[in-house]
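Peer 1: give me coordinates for this.
(one chain, ligands or ions: 1)
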Amino acid sequence: MIFIPINDIHEGMILAKDVKIYNHESNDVDLLKEGLRLSNSNINRLKKFGNVGLYIYDGTDNNEGPIQIIDNALKTEAINELEKLFSSVDKNPKRVDDNALYSVNNVSTKIVDNILHNKKYMVNIIDLKMYDDYTYHHSLSVAVLATAIGLSLELDDKSIYELSLCAILHDIGKTEVPHDLITKPSKLTMDEFNIIKTHPIKGGKYIIKNNLITESIYNGIVCHHEKYDGTGYPYGIKGKEIPLYGRIIAIADVYDALTSSRPYRKPASPSEAIEYIMGGNEIMFDPDIVKAFLRKIAPYPVNDCVKLSNGKIGIVTKVFSENPLRPEVKIIGDDEKYYNLYENQNLYNIVILQSL
Ligand SMILES: [Fe+2]
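Peer 2: Purely as a prediction, here's the structure:
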């Protein structure tokens, strides 16, 4: 496959990689699937909503798009199982649906297995956002991110599986909070916020009734909104008093929330979200976990297409874990030109504006 700028795309070309078309006016997302023969109307819509280029089949064996940390089938399975579990809480908040919870646990185990298998790769969370940002998608993204952070912290395997399950379930208490409060597009009143703040304890209480749930998982769910400086909730505990899984999920949760689309705002770019996490170091977040997170997050993964501040467009060819915001980029239309944004001091004034 090759990447072709949008103005050189013409009818009949075949997509080599799925493409999402975001319509920020209506907040809709359409998916054009790999293998689609493009029509003029597809191309015009892609131009209208800002896509600058596409991966197209060119008859070569070079089929490397960005590495997917978990595959599409597993993403779909995870979303379906989470949907079942969350709706079972809606129907009967007094009793855990054991079957639904065991299915989610199976999915969570598969997620960890996938990530362990792809251990050497960094995580590109944008890749996980398929159609929209319902709680299930958020839960899945947080599980992947938390697992990646756990690996970066070199936790043992048992803890990694526990952490993944804890992360995928972290917001289950939201099903016991009125839905219109969760989705309210305007600012919450103090009373409304106080109701939202009950979800960690509600989630913990709900889930403890099942024997899959260890004390560490319970503590992680209950403490995922605690802050490192003691200003979080529900208990206002601080520093390392906050249980480890809670400190890890706090970062994964905020990073994913910032990079997700909301009814009242566009998603932050990965680099803006990373800046925010770095800004919250030692205030909201544990500095050791911020470091572990930065080692493992790839806002611009290899083979990603990016737009630079000098107007050029390129493909990421190498990522440096010391500074994932400044990878090496091969400029499109100039085969020999590589920008090493991390090591080449002459390029320090150039930044990546966005992933395309
Ligand atoms: Fe939460």
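Peer 1: for I313, give the beta-bridge partners.
Peer 2: Beta-bridge partners recorded for I313 (DSSP bridges): K307.
Peer 1: measure it to K307 for me?
Peer 2: Here the criterion is CB to CB, to the nearest Å. By it, I313 lies 5 Å from K307. In short, each C-beta sits where N, CA and C put it, glycine included.
Peer 1: over to S159?
Peer 2: On the measure of CB to CB, S159 and K307 end up 39 Å apart.
Peer 1: and what of K240?
Peer 2: In this structure, K240 and K307 are 41 Å apart, going by CB to CB.
Peer 1: buried residues in stretch 232-245, which are they?
Peer 2: By 16 or more other CB atoms under 10 Å, the buried positions in stretch 232-245 come out as 232-233, 237, 242-245.
Peer 1: what is the most widely separated pair among these?
Peer 2: Y233 and L244 (18.2 Å; CB to CB).
Peer 1: so K330 sits in a strand?
Peer 2: Yes. When DSSP: H, G, I helix; E, B strand; the rest coil is applied, K330 is found to be in a strand.
Peer 1: that one contacts K312, correct?
Peer 2: No. K330 lies out of contact with K312 (CB atoms under 8 Å); the separation is 10.5 Å.
Peer 1: what touches both of those two?
Peer 2: Here K330 and K312 share no contacting residue, scored by CB atoms under 8 Å, 6 or more residues apart in numbering.
Peer 1: chain center to stretch 280-297: distance?
Peer 2: If you compare the mean C-alpha spot of stretch 280-297 with that of the full chain, they lie 16 Å apart, counting by CA atoms, centre = their mean, to the nearest Å.
Peer 1: for it, buried residues please.
Peer 2: Of all the residues in stretch 280-297, those buried under the rule 16+ other CB under 10 Å are 280, 284-286, 289-290, 292-297.
Peer 1: stretch 143-161 now?
Peer 2: Buried residues in stretch 143-161, counted by 16+ other CB under 10 Å: 143-153, 155, 159-161.
Peer 1: okay, it in CSV with CA atoms only?
Peer 2: Provided in CSV are the C-alpha atoms of stretch 143-161 (Å, rounded to 0.1, in the frame of the first residue of the first chain):
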residue,chain,number,x,y,z
ALA,A,143,-8.2,-1.1,30.0
VAL,A,144,-5.7,-1.1,27.2
LEU,A,145,-3.9,2.0,28.5
ALA,A,146,-3.8,0.8,32.1
THR,A,147,-2.4,-2.6,31.0
ALA,A,148,0.3,-0.8,29.0
ILE,A,149,1.2,1.3,32.0
GLY,A,150,1.3,-1.9,34.2
LEU,A,151,3.7,-3.4,31.7
SER,A,152,5.8,-0.3,31.8
LEU,A,153,5.9,-0.5,35.6
GLU,A,154,7.0,-4.2,35.2
LEU,A,155,4.1,-5.5,37.4
ASP,A,156,3.9,-9.3,37.5
ASP,A,157,1.5,-11.1,35.2
LYS,A,158,-1.1,-11.8,37.9
SER,A,159,-1.3,-8.1,38.7
ILE,A,160,-1.5,-7.2,35.0
TYR,A,161,-4.6,-9.4,34.5
